[in-house]
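Chemist: For reference, the sequence and a predicted model appear below.
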Amino acid sequence: MTFLVGNGSGFSGDRVDAPIPVVRSLVASGLPAALFFETLGERTVALAQLERRRDPEAGYEPMLERLLEPILADCHRHRIPILGNFGAANPPAAARLIARLARRLGLPNLRIAVVEGDDVMGQIALDQLPVHEADGSLDMRHARLVAANAYIGAEPLAAALAAGADVVVAGRTSDPALAIAPLMNHFGWAADDWERLAIGAACGHLLECGSQVTGGVFWDPGFKDIPDPANIGFPIAEVTAEGGLVITKPADTGGLVDFRTVKEQLLYELHDPARYITPDVVLDITGCHLEQLGPDRVAVHGLRGHPRPETLKVTACFEGSWLGEGEVSVAGPNALARARATADVLHRRLEMRGLPVRARLDLIGLASVLDSDAGTLWRGYEGPEPPELRIRLAAEGADRDAVDQAAREVLALLCCGTAGTGGARWRVTPRILTRSYLVLRERVPTRFTLRTAEEMAA
Amino acid sequence: MSAMKDVPLHAIAHARAGDKGNRANISLIPYDPAHYALLAEQVTEARVLELFAHRGATRCTRYDLPLLQAFNFVIDDVLEGGVNGSLNLDGHGKTASFRLLSLMVRVPA
């Protein structure tokens, strides 16, 4: 028997109408299915924690109600459980929102599970753990901790499903765990069945970024065209008890699934292809090969699994420095010379004022995202005169006022700049710095609570 | 010997970039499996490292996946601090795949 796993979002900020055709397709299939939402980037949980400090009922995915409202009743009626890390820094508050939504939609019996244990701030002395990865600019002497969360695996999520949850609200989980959990629960896969769990991990990895496996960040007009890019269908995986894995998407949507989209996503954010580490299994894709079964249907073969690591990754987020950004534009004859002169004058102004910031200048339209902090590419540019350019200053420092003053130097160019300078924008934003550690998994106990929407009203 | 011509990688292959901290990975996938060997020979770790030298890249490792007909390049210290510390507009380095695709390769004319 085949089980379907659908994905409704690939990050916080994804298209909010994406889940609708996925659920329509899951329902039409008549097969047992689950739907998952991945909305938590590395720093998202820290930004959510800052929101929660401001408002105790905030700190979860801000688009949660918009994402769930159109599909919650259908999922409940057809027994399609929903899982998500959309609880972010405040899973209980996210669950309360879902309960209110369910009551409003006439679903008082909706069973909502809250999985906790990922938030280890104050639970574990981080300074005694081995450091896994760290931002180079992080000065631990002055660092103020905002959030510390372990990437937990699928087991507590699967347990919540086994207990009858219709919606599983989690905070930090590994992304693939959101797909592994319903597969473990449905097929009864053991937590040490590495070959089966590898299928689940690959399923989760391929689906966790939503449309990235169905044509998103893939289409390249004239080279890699996709149908209807305004309406890309989010992915659905067909998984069998024996470990078959097929990637597809809803009918009547845009985008496509073929060798090219699946290969790009399979290798996305992957380093050693023999060791893609998740809390549930280490996935090995070195023997992987693909088979196109039909339009928008690709089978993934040859996956292998190795035992899961004894440790979990904990990412700690710290209040960092401030980032100031300012931009102005120039256009028309001699734009390149005016842009270069503008960049030089901004450097000179920061020096003159002695502002304690680290700065960078880009000439957007010539070289920016591919360039270095030193501006190697735009300084060395010898091509034709561009029709217009945007000059961008980025300045970072510990002193918010100094950073703001640096960004305002760009604004001042509206009067003091070269001829025809316009379109100024500037802003200052806080930065979050991260450091990750490895912690023995037994030091991160997890638990879940399960209540109906009606019970949660009491 | 047949005639050869120089083309950007973009003409014969596609790519996607991802990040983890200050390390980027870029997949490289030929449209035509017949080009796999040509890419293995010409798109070396040294050439890719050179392409990102201006960003301070310190090391490039290429993983070959012949069954999948794809390569995975892992480039260390290329993101100028990564998404949290970088002053680059694209701190994730998502656009870096197209710098790789600008690399010139020699193919049969």
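Modeler: Structure received. Residues are numbered from 1 along each chain as shown, chains lettered A, B, ... in the order given.

Chemist: Flag every residue of chain B that's near chain A.
Modeler: B:10, B:14-16, B:18-23, B:25, B:27, B:29, B:31, B:54-56, B:63, B:65, B:67-70, B:72, B:74, B:80-85, B:87-90, B:94-96, B:98-99 (C-beta under 8 Å from any C-beta of the partner chain). The way it works is simple: take the backbone N, C-alpha and C, and place the C-beta from them, glycine included.

Chemist: Of those residues, which belong to helices?
Modeler: In helices, defined here by DSSP state H, the members of the residues of chain B next to chain A are B:F98, B:R99.

Chemist: Tell me the residues of the stretch 251-400 of chain A that contact chain B?
Modeler: Where the stretch 251-400 of chain A comes near chain B, counting by C-beta under 8 Å from any C-beta, the residues are A:260, A:263-273, A:285-290, A:302, A:320, A:323, A:358-360, A:362, A:364, A:368-374, A:376-377, A:392, A:394-396.

Chemist: Buried only: go through those for me.
Modeler: A:260, A:263-273, A:285-286, A:288-290, A:320, A:323, A:358-360, A:362, A:364, A:368-373, A:377, A:392, A:394-396 (16 or more other C-beta atoms under 10 Å in any protein chain shown).

Chemist: Spell out, range by range, the strands that occur in chain B.
Modeler: Along chain B, the stretches classed as strands by DSSP state E are B:4-8, B:13-20, B:23-30, B:59-65, B:70-76, B:104-108.

Chemist: would you list those in CSV and tack on mean neighbour count?
Modeler: Supplementary listing: these in CSV, determined by neighbours: other C-beta atoms under 10 Å in any protein chain shown:
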stretch, mean neighbour count
strand B:4-8, 12
strand B:13-20, 23
strand B:23-30, 24
strand B:59-65, 17
strand B:70-76, 23
strand B:104-108, 14
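
Chemist: can you list those strands in JSON lines and add distance to A:L50?
Modeler: Output for the strands of chain B, formatted as JSON lines (distance: least, C-beta to C-beta, whole Å):
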{"stretch": "strand B:4-8", "distance to A:L50": "43"}
{"stretch": "strand B:13-20", "distance to A:L50": "23"}
{"stretch": "strand B:23-30", "distance to A:L50": "27"}
{"stretch": "strand B:59-65", "distance to A:L50": "35"}
{"stretch": "strand B:70-76", "distance to A:L50": "31"}
{"stretch": "strand B:104-108", "distance to A:L50": "46"}
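
Chemist: would you list the ones you listed in TSV and tack on mean pLDDT?
Modeler: Compiled in TSV, these are given as follows (pLDDT from 0 to 100):
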stretch	mean pLDDT
strand B:4-8	97
strand B:13-20	95
strand B:23-30	97
strand B:59-65	98
strand B:70-76	97
strand B:104-108	97
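
Chemist: pLDDT averaged over stretch A:32-43 - what is it?
Modeler: Confidence over stretch A:32-43, taken as the mean pLDDT, stands at 94.

Chemist: What about the buried ones among the residues of the stretch 251-400 of chain A next to chain B, which are in helices?
Modeler: Among these, the residues falling in helices (DSSP H) are A:R260, A:K263, A:E264, A:Q265, A:L266, A:L377.

Chemist: and of those, the nearest to A:D17?
Modeler: For these, the minimum distance to A:D17 (C-beta to C-beta) is 21.3 Å, reached by A:Q265.

Chemist: and the gap between that closest one and A:D192?
Modeler: The gap separating A:Q265 from A:D192 is 27 Å, by C-beta to C-beta, to the nearest Å.

Chemist: got it, and A:A150?
Modeler: Distance from A:A150 to A:D192, counting by C-beta to C-beta: 20 Å.

Chemist: Those two: who's more crowded?
Modeler: Each of A:A150 and A:D192 has its neighbours counted (other C-beta atoms under 10 Å in any protein chain shown); A:A150 has more, 27 against 12.

Chemist: What's opposite that one in the beta bridge?
Modeler: Beta-bridge pairing of A:A150, defined through DSSP bridges, involves A:V314.

Chemist: If I look at it, what pLDDT would I see?
Modeler: At A:A150, the pLDDT value in this model is 97.

Chemist: Go ahead and confirm A:D362 touches A:R379.
Modeler: No - with contact defined as C-beta atoms under 8 Å, A:D362 and A:R379 do not form a contacting pair (11.2 Å).

Chemist: which residues sit in contact with the residue lying closest to A:A407 once chain neighbours are set aside?
Modeler: When the adjacent residues along the chain are set aside, A:A407 lies closest to A:G324, with 3.4 Å between them (C-beta to C-beta, 6 or more residues apart in numbering or on different chains). Each residue near A:G324 by C-beta atoms under 8 Å, 6 or more residues apart in numbering or on different chains is listed here: A:357, A:393-397, A:403-404, A:406-407, A:426-428.

Chemist: B:A37 now?
Modeler: Taking C-beta under 8 Å, 6+ apart as the contact definition, B:A37 lies against nothing.

Chemist: from memory A:V23 sits against A:L72, does it?
Modeler: No - checked against C-beta under 8 Å, the pair A:V23 and A:L72 is beyond contact range at 9.4 Å.

Chemist: Using CSV, write out the CA atom coordinates for stretch B:59-77.
Modeler: As requested, C-alpha coordinates have been extracted for stretch B:59-77 and formatted as CSV (Å, rounded to 0.1, in the frame of the first residue of the first chain):
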residue,chain,number,x,y,z
ARG,B,59,39.4,24.8,-0.1
CYS,B,60,37.2,23.1,-2.7
THR,B,61,36.2,19.4,-2.6
ARG,B,62,34.5,17.8,-5.6
TYR,B,63,32.3,14.7,-5.0
ASP,B,64,31.6,12.7,-8.1
LEU,B,65,28.2,10.9,-8.5
PRO,B,66,28.5,8.9,-11.7
LEU,B,67,25.3,7.0,-11.1
LEU,B,68,23.4,10.3,-10.7
GLN,B,69,25.4,12.0,-13.5
ALA,B,70,26.2,14.9,-11.2
PHE,B,71,29.0,16.6,-9.2
ASN,B,72,28.9,18.3,-5.8
PHE,B,73,31.4,21.0,-5.1
VAL,B,74,31.9,22.0,-1.5
ILE,B,75,33.7,25.3,-1.1
ASP,B,76,35.0,26.4,2.3
ASP,B,77,35.1,30.0,3.6
